[in-house]
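[1] Here's a sequence, model it:
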Amino acid sequence: MKPNHQKISCGFSCNIPGSVFQLKIFILSLVLISTIGSLKAQDDLTVISSWIHFSDAPNALYHHLEKQATGLLKKRTEKINSINTLAGFKERQETVRKTLMKIVGPFPARNPLNAKTVMTIKKDGYKVENIIYESQPGFYVTSSLFIPDNLKKGSKAPAIIYCSGHADEGYRSAVYQHVILNLVQKGFIVLAFDPIGQGERIEYYDAATGKSTVGGLTAGHSYSGAQAFITGSSQAMYVIWDGIRAVDYLLTRPEVDAARIGMTGRSGGGTQTALIAAMDNRIKAAAPENYITSFTRLIQSIGPQDAEQNLLNEIEHEIDMADLLSVRAPKPTLMITTTRDMFNIEGARTTAKEVKRFYQSYREAGNFNIVTDDAPHASTKKNREAMYAFFQKHLNNPGDSTDKDIPILTPKELQVTETGQVATSLHSETVFSLNRIEAERSEAQLQASRKNVPGYFAPLLRSAKQLSGYKEPAKSIEPVFTGRFQREGYVIEKYFLKGEGDYVIPYLLMRPEHTNHKAIIYLHPSGKSAEASPGGEIEWLVKNGFTVLAPDMLGTGELGPGKFKGDSFVKGISYNVWFLSMLIGRSIVGIQAGDVVRLAHLIKNNTGINDIYGLARKEMAPVLLHAAAFDSSVSRIALIEPYSSYRSIVMNRFYSPEFISSTVPSALQAYDLPDLAASLAPRKLMIYGITDEEGKTTSNEINNDLHVIQSAYHFLKSDSQLINIKATGQKDELFKYLKEWIQ
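    All right, here's what the predicted structure looks like:
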């Protein structure tokens, strides 16, 4: 019987017996499956992603900061709970007052307010004066004073300052006007003013669009707030000072009784009320609404909020939200809350319980209370009426506390400036411009210290360690090996190592077949895999004989960026995570630097390497600079496309948000990135393609930062150890200079 040679069409001119062709296809399939599987295995540069134990690794940074924060807050609570006498509570209050002044102040000098009433409107039962004043020279505050008609001639009336929450229109919001006009109808004078960045005070105002160029309200607060933190100040300082000056203005009015001043506001207005009333004793009665919880519950739930709601190193200094209220005891205070508020109600109850003990010690328990309604983050009739009754009682202005519907005013009636914005009408100062003046003072002091090379390095590095929150790494435990695969000329091994806290550092270790017994720690803002593909920078280094360790630092690669974004998520960057690190006296860059040193020690102690280099790209450059400056294990450093300085971020109105996570709060009070680089002399340092605060290479200010480094290297006769290249963007050029750096 003849075999069945069935003809198969294969898409080409072919005539193959079916059984033979099928066998060849089967064999080819096995080869392809094997090859694809091999390629897939080689391309898998993840270390912990498949481990159930590390399923929450992308949130590792937030959890690490959260654990430290709650630990500090627990110790603080234990101290408060140990107080049992009036003397003890008074001592705590005095500590809080001094601490608040330390972390918020100093405040500016009291300049003339230069208050001007630009328009008066007569309404049924009251009149409105639209007023503008200067809380600082050239820093204009738009406001409206609501005065009831039924004031007794020759007598003084109680006044309430109303602080607006995060509404684009400021106090012109219908919700806020409703409260304001009810208070006016009940016989209170009310002063409402626009918070920074809202209403007629938008700081990044674009006249063409009528909007802010950096995003929403919280983004605007945090964009300039981050600059203030780097300088050693805060957005909150400017917010609080505006409120203090509002009190100053009220006291110039003959209708106002200085002994009967109150303050209230909801949401962001609740924040302002709590902060301002804590620092101005002239405010007799305060009623913050929809804000007060506890830091523990805030951090565990929605996370830290925008810049104006955070004080410098607040939690590290053992300040919680309860302190903002208890420091006022026995002055009348009302917490206004809702059960479904985004500001957790359990935290509010815990805070109220703590504050109540202070008032009880004064035998003034009736001066503190908490009112709660079953509602979300909102104003409710029950809460409003409780607030009216609170002020009527404690500001001695009795009457009907019923909440009533009152016609509100139009935006035009409450427009204070000619164009509707202080930026275009009055060319007002901003938080950025005022903070820049402070930064210039710090810069002048730093420039003076730079004349003492190398004498200023030791105190500078001590300050940098303290301000960045750097911690000397403890002795590392052995890493965990998770896999290996071969590439041409080298092998890639996958490990993870325990980091500073309850997280691990995944890393790739690339070993060449022919080693030079030197290693490079390679840091990339996108993580360990960014340049680990065939033909990438890491392979080039390995093929030049280097063992390369490429880690995922906290917040990158398999360790980030995490789920939490916060209310200040600017161009893909969460400012709120950075705020959390600041609250506990740490910085993300300081934590990451500690982990880099930990990895350097691991290489030196466990792989037979006798020399370690460090290479970092872009916003990872500050991490490497801090690590190398704090620890001599890294003998030479290459910075690829680094931004030049913290100064450049603070001194310029616009900057790249992606740089914020690698900055250090208060750094400019003691040091800057060029100083860290200068302290590396005479170690070999390559700077390739340095940029400005926006990631551009054309700024003239870059040369000022480079001069600091060049001067130190020249003074220490190490000019040849400093390689500075203005990049053209060609990769071959980078390899050319890397060759010079490694030789």
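[2] Point out where the stretch 51-200 of the chain drops to low pLDDT.
    Within the stretch 51-200 of the chain, no range satisfies pLDDT under 70.
[3] residue ranges of the helices in it, please?
    60-81, 86-104, 174-185 (DSSP state H, counting those that start in this stretch).
[4] Quick check: which helices or strands does the shortest one pack against?
    The one in question is helix 174-185. Here helix 174-185 touches strand 126-136, strand 139-148, strand 157-163, strand 189-193, strand 256-266, helix 381-394, going by 3 or more Cβ pairs under 8 Å, 6 or more residues apart in numbering; DSSP states H and E. For every residue, glycine as well, the C-beta is placed using N, CA and C.
[5] Reformat the ones you listed as TSV; add distance to residue 359 and mean neighbour count.
    Below are the helices and strands packed on helix 174-185 laid out as TSV (distance: least, Cβ to Cβ, whole Å; neighbours: other Cβ atoms under 10 Å):
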stretch	distance to residue 359	mean neighbour count
strand 126-136	31	20
strand 139-148	31	24
strand 157-163	21	26
strand 189-193	26	26
strand 256-266	17	23
helix 381-394	13	20
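[6] What average pLDDT does the helix or strand containing residue 674 get?
    For residue 674, the enclosing helix or strand under DSSP states H and E is helix 673-678. For helix 673-678, the mean pLDDT works out to 98.
[7] Which strands or helices does the helix or strand following it pack on?
    Next helix or strand after helix 673-678 toward the C-terminus (DSSP H and E): strand 684-688. Secondary-structure packing of strand 684-688 (3+ Cβ pairs under 8 Å, 6+ apart): strand 634-640, helix 701-715, strand 722-725, helix 731-742.
[8] Minimum distance to residue 435: which of the ones you listed has it?
    Nearest to residue 435 among the helices and strands packed on strand 684-688 is helix 701-715; the distance by Cβ to Cβ comes to 17.1 Å.
[9] Which elements pack onto that closest one?
    Using 3+ Cβ pairs under 8 Å, 6+ apart: helix 701-715 touches helix 646-651, helix 673-678, strand 684-688, strand 722-725.
[10] Can you say which of the ones you listed is packed in most?
    helix 673-678 (a mean of 26; mean count of other Cβ atoms under 10 Å).
[11] List of residues touching that one?
    446, 450, 453, 456-457, 460-461, 464, 621-622, 625-626, 628-629, 639, 642-646, 685, 687, 705-706, 708-709, 711-713 (Cβ atoms under 8 Å, 6 or more residues apart in numbering).
[12] before we move on, the earlier item: tabulate the helices and strands packed on helix 701-715 (JSON lines), appending distance to residue 60.
    Formatted as JSON lines, these follow (distance: least, Cβ to Cβ, whole Å):
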{"stretch": "helix 646-651", "distance to residue 60": "25"}
{"stretch": "helix 673-678", "distance to residue 60": "26"}
{"stretch": "strand 684-688", "distance to residue 60": "30"}
{"stretch": "strand 722-725", "distance to residue 60": "35"}
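[13] For residue 483, find the nearest of those.
    strand 684-688 (32.5 Å).
[14] related to what we said a few turns ago, which one of the helices of the stretch 51-200 of the chain has the most crowded surroundings?
    It is helix 174-185: most buried of these by mean count of other Cβ under 10 Å, with a mean of 21.
[15] Now do that one: everything it contacts.
    By Cβ under 8 Å, 6+ apart, the list of residues contacting helix 174-185 reads 125-126, 146-148, 160, 162, 164-165, 167, 170-171, 190, 192, 264, 266, 269, 379, 384, 387-388, 391, 403-406, 408-409.
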